[in-house]
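1. Here's my sequence, what's the structure:
(one chain, ligands or ions: 3)
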Amino acid sequence: CRLLSACEEPVFLEDHVLELRAAIGLSVYPNGGEQSEQLLGNAHIALSEARQQRTGGLRVYHPSMRKTLNHTMALDSDFRKALRSDGLAVHYQPKIDILTGEVTGMEALVRWPHPTRGMLMPGDFVPAAERTGMIIPMGYWILQKTCQDLAFLQTLGFEDLLCSVNLSFRQFHDRRLSETVFRIIYNTEVDTSSFEFELTESSMMFDTEYTRRCLTELTHLGIRFALDDFGTGYSSFSTLRDLPISTVKIDKSFMDNVVDSSEDAALVSGMIDLSHQLGLTVVAEGVENEAQLEFLRKHHCDQGQGYYFAKPLPLDAFCDFLIKRRDASGVADYGVA
Ligand code: C2E
Ligand code: MG
Ligand code: MG
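-> Ligands and ions are numbered 1, 2, ... in the order given. This is a model prediction of the structure:
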């Protein structure tokens, strides 16, 4: 539609090109409502659907949208309640040293055990939390919980684990990010050097200057940063050059066919070499079998994470995993949990 194309013309601002996206919601008499208020209300419903598509676009109101809206609103409200009443959970997936088989740390992954809908995965509620802004308190809740769990693991003698926590782009909308993060970690008396934040490139696009400042401040406090889903963004290499990143995580999509596709094999080995030349640690995501592990070993990848070692586990199962591996240490066994 002409209006949309006109709105989406790039805007040139000094040295920058701004890509604009427009969203339009439309309701048409009589199906979209018989009175003006009804038509306007339904156009808003269509608009909120159009906004949810990252690419914007035009949506025409249909009665099924009201159902979706009710569902979304109910889920948003349940989510607020869950967050207030500690109703979320954090699972941990180990990261393994490819050479020694030792557990180097873990990634904290949020879960929502919903009272009626079952165990919800991040894909079911993180996008909504980003949209409503609830991702900000959720992020702090996860960090707090992770700090407590890490402190507990340290009492069991697991003192050298590096715990990775995902940070979404929306969390950088909070102008007190660095000081709040520091306060939470400081209050649980866990060392800041036990933490790493995982960021995707899109999380750094919102306000690059502010992001850079936050990253620098947090780095000075001892926190490290990993670039998540490496290889899937637009400018991975300049991100590595310009920001204080110490680890890259090669995206699972490259690992899926690394054994069968010579292109993917070349990409992965290239990413490992390049990252090493920049002095970065490399973690491969989505390791699911021995052949992939063998490939990583051959190409000197530092660490692996994936179902082959263990799925994300609740704290007690993660403890059992750690204890089992500690008891078996010395034996070159990569063991599947
Ligand atoms: P991610 O940070 O790239 O996390 C890795 C995802 O891959 C996790 O999915 C993990 O369960 C899955 N995974 C790990 N190994 C394997 C494997 O061998 N095979 C397969 N098929 N999958 C594997 P999950 O937990 O569903 O999380 C999805 C995404 O949601 C994460 O991607 C991250 O971007 C986001 N997310 C998860 N937890 C949080 C959180 O606490 N905060 C924020 N802001 N985002 C989170
Ligand atoms: Mg991650
Ligand atoms: Mg990832």
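2. residues in contact with the nearest residue to L315 once chain neighbours are set aside?
-> Closest residue in space to L315, ignoring its immediate chain neighbours: D149 at 5.3 Å, by C-beta to C-beta, 6 or more residues apart in numbering. C-beta here means a position set from N, CA and C on the backbone, and glycine is covered the same way. Going by C-beta atoms under 8 Å, 6 or more residues apart in numbering, D149 touches 90, 92, 315.
3. Ligand 3: which of those residues is nearest?
-> Y92 (15.0 Å; C-beta to the ion).
4. mind listing what that closest one touches?
-> Contacts of Y92 by C-beta under 8 Å, 6+ apart are 106-109, 149, 163, 312-315, 318.
5. what pairs with it across the strands?
-> For Y92, the beta-bridge partners under DSSP bridges are A108, L313.
6. Any residue of stretch 90-100 touching ligand 3?
-> No: under the criterion of C-beta under 5 Å from the ion, stretch 90-100 makes no contact with ligand 3; the nearest approach is 10.7 Å.
7. Flag every buried residue along that stretch.
-> Buried residues in stretch 90-100, counted by 16 or more other C-beta atoms under 10 Å: 90-96, 98.
8. follow-up on the earlier one: before we move on, which element is the residue nearest to L315 in?
-> Per DSSP states H and E, D149 falls inside helix 135-155.
9. buried ones in stretch 247-255?
-> Under 16+ other C-beta under 10 Å, the buried positions of stretch 247-255 are 247-252, 254-255.
10. Just give me how far that stretch sits from the chain centre.
-> How far stretch 247-255 lies from its chain's middle: 13 Å, per C-alpha atoms, centre = their mean, to the nearest Å.
11. Spell out the residue ranges of the strands in the stretch 201-337 of the chain.
-> 224-230, 247-250, 281-284, 303-304 (DSSP state E, counting those that start in this stretch).
12. So which of those strands is nearest ligand 1?
-> In terms of C-beta to the nearest ligand atom, the element of these nearest to ligand 1 is strand 224-230, at 5.1 Å.
13. Please name every helix or strand in contact with the closest one.
-> In terms of contacts (3 or more C-beta pairs under 8 Å, 6 or more residues apart in numbering; DSSP states H and E), strand 224-230 is packed against strand 162-166, strand 195-199, helix 208-220, helix 236-242, strand 247-250.
14. Out of the buried residues of stretch 90-100, the closest to ligand 1 would be?
-> Distances from ligand 1 to the buried residues of stretch 90-100, taken by C-beta to the nearest ligand atom, are shortest for Q93, at 5.8 Å.
15. roughly how far apart are E130 and ligand 3?
-> With distances taken as C-beta to the ion, to the nearest Å, E130 is found 16 Å from ligand 3.
16. And that residue, its phi and psi?
-> Dihedral pair for E130: phi -70, psi -40, per degrees, to the nearest 10.
17. Give me the local confidence score for it.
-> E130 is assigned a predicted lDDT (pLDDT) of 91.
18. and the closest residue to it other than its chain neighbours, how many neighbours?
-> Nearest-residue entry for E130: R170, 4.5 Å, with adjacent residues in sequence omitted and distances by C-beta to C-beta, 6+ apart. For R170, the count of nearby residues is 21 (other C-beta atoms under 10 Å).
19. picking up where we left off before, and the residue nearest to L315, how far from S168?
-> 20 Å (C-beta to C-beta, to the nearest Å).
20. again, but for A284
-> Taking C-beta to C-beta, one finds A284 at 22 Å from S168.
21. Pick out whichever of those two has more residues nearby.
-> A284 (30 against 21).
22. beta partners for the more buried one?
-> Here A284, judged by DSSP bridges, has bridge partners I250, G304.
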